[in-house]
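**Student:** turn this into a structure:
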Amino acid sequence: MAEILTTKFKSDTTRLFIEDIKSNDFYIMCSSIERLDAENSRFSENEFKEKILFGKKVDSDDVHFMIKYYPWQRDQVYTQYDDAIDLEDQNFYAVVGPTNNDTGDYRIFKCLYNNDGAPVQAPPAWNANTDSQIYQTADGYLWKYIYDLSDLHFEAYNALGFIPIRSSAFVVDPVANTTGGEVSDIFVTNLDDNLGYTKVEGALDQAPTTSGVMIGRPDDDDISQIFYYYYGQTLYVTNNDNAVTNLFDIEYYSYNTATGLVEFRVDRDPVAAGVSANARWQILPKIKIEGDGTGASAIPVIDNLGRIRSTTLLNRGSSYNNIVARVVDPLYDFDPGDPTRTDTRADLRPILSPIDGHAHDLIDEFHCHHFGVYAYITGEDNLLIGANNEYSTIGLVKNPEFRDSDWNVIPSANTPVVFDNRIAVTTDDYDKTEVNGTVQQLNSDNEVVFQATVHDIDYSSNTLFLAEYMGPYQNLANSSNSLDLTLNLRNETGQLMRINTPIANNVVEPTYVQRSGRIYFFEDFFPLPRTENSREEFKFVMEF
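**Tutor:** Numbering: from 1, shown residues only. The predicted structure follows:
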C-alpha cells in the first residue's frame with residue numbers, strides 16, 4: 001500500500017520554516033577551536049554552545065526557497081511536464097545561462113514538451129514581447145519562461161547544486177483565482193501507431209460572408225469531390241496579413257468541378273471573426289475536448305504518412321480539473337473496424353497545468369522543499385571578531401539572548417549584527433601564557449571555578465582573548481559565565497596573572513547570553529584558520 005508524503009506537505013513545511021526565520025532572530029554561529037564530533041544529542045548541542053567563538057545575524061533577505069540547478073546543455077533530454085507523474089527530482093526545467101542567451105543573466109524555463117524525448121539543440125530565447133511566454137525551439141521543444149536571476153544573484157546564492165527562487169518572482173502562498181488549471185498540452189499516446197488521417201490546405205478565393213460561407217481554392221488536386229465529405233471536421237484559417245487564426249466547425253462542404261473551387265459553411269460568422277479575403281486554410285480532423293472547464297481548443301499535427309504526431313493548442317482554456325480529448329472520426333474513408341483498412345485511431349491524453357496555470361505557484365510547481373540560508377563576514381565584521389586561530393563547527397541558532405552590561409535584555413531590533421563571544425582581559429602578565437594555553441581561577445578551597453582557552457593575544461594592548469570558558473561551574477549573579485573579577489587568573493603552571501586595574505575597565509564580556517538559543521543545524525569539519533584577511537561566506541541548503 002503506497003504512502004505518499006505530498007508536495008504540498010513538504011512545500012508548506014518549508015514555507016512555515018522560512019516564515020519562522022523571517023519573523024525571528026537567526027544567527028550563524030562558529031564554534032570550537034578543535035574539531036567537535038557533532039551528534040544529534042543534547043550533549044553535542046551543549047558542547048557547541050559552550051564553545052561558540054563568534055556569530056553573524058542572518059538577514060531575512062538572504063533566506064530563499066531553493067530548487068535543483070539543471071543547466072541547459074546541448075544534447076541533454078529534459079523531462080516534459082506531465083500532471084500524471086511525480087516530477088520531484090526530475091529535470092523538467094532548464095536554466096539558460098549567460099553563455100546561451102543574450103540577456104546576460106540566468107533564465108529558468110519549464111519544459112512543456114520534449115519532442116518525444118529528443119535531445120535539445122537550441123535554447124529558448126526570451127522575448128519581452130511574447131505574451132504567453134511560451135517558446136517553441138527549432139529542436140521541437142516547447143518551453144514556458146518562469147523567472148530570471150541576475151548574474152550577481154546567481155553567484156551569491158547558488159550552493160551545492162541548488163539555485164534560489166527569486167523572491168520578487170512569486171507570491172509565497174498565492175490565492176487561487178480559479179478552481180482548476182488550463183490545458184498544458186494534449187499528448188498523443190500512440191503517435192507511431194495511429195494511421196489514416198488527412199490534411200488538405202488551400203486559400204480563400206474571395207471574401208467570406210456573414211452567413212458563414214467561405215469559398216476557397218485547394219493547393220492541389222488531392223481533395224475529395226464528394227458532397228459533405230469533410231462535414232464534422234475543422235477548418236483552421238490563418239490571415240496572411242495579420243496572422244490572426246480562427247478554428248471553425250465545417251457544417252457544409254461541396255466541390256465545384258467546373259471551377260475547382262470548394263465551398264464551406266461553418267458554425268459561426270467568419271466576417272465577425274476577422275477572416276480576411278486571402279486567408280490560408282487547412283481542413284483537419286476535429287479534436288473534441290470535454291471537461292469541467294471552458295475554452296480549450298486544439299488542432300492535430302499530421303505527418304505525410306497520415307499519423308497524428310502531436311497537437312497544437314489554440315486556446316488553453318481555464319478552470320479544468322477533469323478533462324478528456326478525442327479525435328472525431330472523419331465521416332468518410334476512415335473505419336478502424338474494417339479489417340481491410342489500416343486506419344487506427346489516435347489516442348489523446350490532455351495534460352492539465354497546475355491550478356491557475358504555469359508560473360502561478362512556483363513553490364508547489366517546483367516541488368520545493370529546500371531552502372537556503374546565506375551569511376557572510378565582511379572586512380568590517382572581521383574587526384569585531386577574532387581574526388586569528390581556527391574554528392571547526394558552524395551552526396544555525398534561533399533567538400539567542402543578548403544582555404547589556406547592566407544585565408538588561410537587548411530587544412530584537414537592537415541585537416548585534418555580528419558578535420564576538422570571547423572575553424577580553426587586559427593583564428600585564430600576558431606573557432605567562434600562550435595561544436591555545438589554559439588559564440584558570442581557583443577559589444579559597446583551591447577548587448577550579450573558571451577555566452578558559454587563550455584564543456588570541458594582542459601584544460600591543462596586553463590583552464588576552466579567552467574562549468571556551470563554559471564548564472561545570474556556577475555562573476555569577478547577573479552573568480552567564482563564572483569569571484570572578486575578584487580572583488586572579490592562573491596559567492597552567494599555577495603562576496598568577498593579575499588583571500590590570502581598575503579591573504572593571506580591563507575586562508570586556510560578550511553580550512551573548514551563554515548557552516541561549518535553539519540549535520536548528522550544526523556541522524563539524526576540519527578546522528578552518530582565520531586571519532585579518534578572512535572573508536567567509538556561509539551557505540546552507542536544508543531540506544524538509
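**Student:** hey, where'd the strands end up in the stretch 251-400 of the chain?
**Tutor:** 262-266, 280-284, 287-291, 294-302, 308-318, 323-327, 348-355, 370-376, 390-398 (DSSP state E, counting those that start in this stretch).
**Student:** let's have those in a markdown table, adding mean neighbour count and distance to residue 446.
**Tutor:** All C-beta spots, glycine's among them, are computed from the backbone N, C-alpha and C. Formatted as a markdown table, the strands of the stretch 251-400 of the chain follow (neighbours: other Cβ atoms under 10 Å; distance: least, Cβ to Cβ, whole Å):
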| stretch | mean neighbour count | distance to residue 446 |
| --- | --- | --- |
| strand 262-266 | 21 | 106 |
| strand 280-284 | 22 | 99 |
| strand 287-291 | 19 | 86 |
| strand 294-302 | 19 | 87 |
| strand 308-318 | 19 | 83 |
| strand 323-327 | 17 | 84 |
| strand 348-355 | 21 | 72 |
| strand 370-376 | 21 | 44 |
| strand 390-398 | 22 | 33 |
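**Student:** low-confidence stretches in this structure?
**Tutor:** For the chain, the stretches with pLDDT under 70 are 1, 169-174, 176-178.
**Student:** domain parsing for it?
**Tutor:** 8-23+55-179+361-373, 187-355, 423-509 (automatic domain parsing).
**Student:** the ones you listed: which one's closest to residue 523?
**Tutor:** When the domains of the chain are compared by Cβ to Cβ, domain 8-23+55-179+361-373 sits nearest residue 523, at 12.4 Å.
**Student:** show me where the stretch 201-350 of the chain has its helices.
**Tutor:** For the stretch 201-350 of the chain, no helices turn up when DSSP state H, counting those that start in this stretch is the criterion.
**Student:** in CSV, list the strands of the stretch 251-400 of the chain along with distance to residue 52.
**Tutor:** Output for the strands of the stretch 251-400 of the chain, formatted as CSV (distance: least, Cβ to Cβ, whole Å):
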stretch, distance to residue 52
strand 262-266, 77
strand 280-284, 71
strand 287-291, 59
strand 294-302, 59
strand 308-318, 54
strand 323-327, 57
strand 348-355, 44
strand 370-376, 15
strand 390-398, 8
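**Student:** quick check: which of those is nearest to residue 233?
**Tutor:** Residue 233 lies closest, by Cβ to Cβ, to one member of those: strand 280-284, at 5.7 Å.
**Student:** find the nearest non-adjacent residue to residue 142, please.
**Tutor:** For residue 142, ignoring the flanking residues on the chain, the nearest one in space by Cβ to Cβ, 6 or more residues apart in numbering is residue 113 at 3.8 Å.
**Student:** who's in contact with the one you found?
**Tutor:** Counting by Cβ atoms under 8 Å, 6 or more residues apart in numbering, residue 113 makes contact with 80, 140-142, 185, 310.
**Student:** got a winner among these for most neighbours?
**Tutor:** Ranked by the number of neighbours (other Cβ atoms under 10 Å), the contacts of residue 113 place residue 141 first, at 25 neighbours.
**Student:** look up how far residue 356 lies from that residue.
**Tutor:** Taking Cβ to Cβ, to the nearest Å as the measure, residue 141 falls 24 Å from residue 356.
**Student:** ok so, going back, and of the contacts of residue 113, the nearest to residue 297?
**Tutor:** Residue 297 lies nearest to residue 185 out of the contacts of residue 113, by Cβ to Cβ, at 13.4 Å.
**Student:** now the one helix or strand that closest one maps to against strand 323-327, angle please.
**Tutor:** Residue 185 is part of strand 181-188 when elements are defined by DSSP states H and E. Inter-element angle recorded for strand 181-188 and strand 323-327: 40 degrees (by axes from the mean of the first three to the mean of the last three Cα atoms, to 10 degrees).
**Student:** give me the distance from strand 181-188 to the chain's centre.
**Tutor:** Taking Cα atoms, centre = their mean, to the nearest Å, one finds strand 181-188 lying 23 Å from the centre of the chain it belongs to.
**Student:** what of stretch 188-203?
**Tutor:** What separates the centre of stretch 188-203 from the centre of its chain is 39 Å, taken as Cα atoms, centre = their mean.
**Student:** measure it end to end?
**Tutor:** Stretch 188-203 has an end-to-end distance of 28 Å (Cα to Cα, to the nearest Å).
**Student:** my guess is residue 443 meets residue 487, correct?
**Tutor:** Yes. Counting by Cβ atoms under 8 Å, residue 443 does reach residue 487; the two are 7.3 Å apart.
**Student:** elements contacting the longest helix anywhere in the chain?
**Tutor:** Identified as the longest helix of the chain according to DSSP state H is helix 7-23. Under the contact criterion of 3 or more Cβ pairs under 8 Å, 6 or more residues apart in numbering; DSSP states H and E, helix 7-23 touches strand 63-68, helix 362-365, strand 370-376.
**Student:** possible to save the domains of the chain as CSV with distance to residue 414?
**Tutor:** Compiled in CSV, these are given as follows (distance: least, Cβ to Cβ, whole Å):
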stretch, distance to residue 414
domain 8-23+55-179+361-373, 11
domain 187-355, 43
domain 423-509, 18
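**Student:** excluding sequence neighbours, find me the nearest residue to the residue most central in space within the chain.
**Tutor:** Nearest residue to the geometric centre of the chain (Cα atoms, centre = their mean): residue 67, 3.7 Å. For residue 67, ignoring the flanking residues on the chain, the nearest one in space by Cβ to Cβ, 6+ apart is residue 366 at 4.6 Å.
**Student:** residues near the one you found, how many?
**Tutor:** So residue 366, with other Cβ under 10 Å, has 24 neighbours.
**Student:** please name the bridge partners of residue 247.
**Tutor:** In this entry, residue 247 is beta-bridged to residue 236, by DSSP bridges.
**Student:** surely it is in contact with residue 266?
**Tutor:** No. Judged on Cβ under 8 Å, residue 247 makes no contact with residue 266 at a distance of 9.5 Å.
**Student:** what residues do these two have in common as contacts?
**Tutor:** Residues touching both residue 247 and residue 266 (Cβ under 8 Å, 6+ apart) are residue 235.
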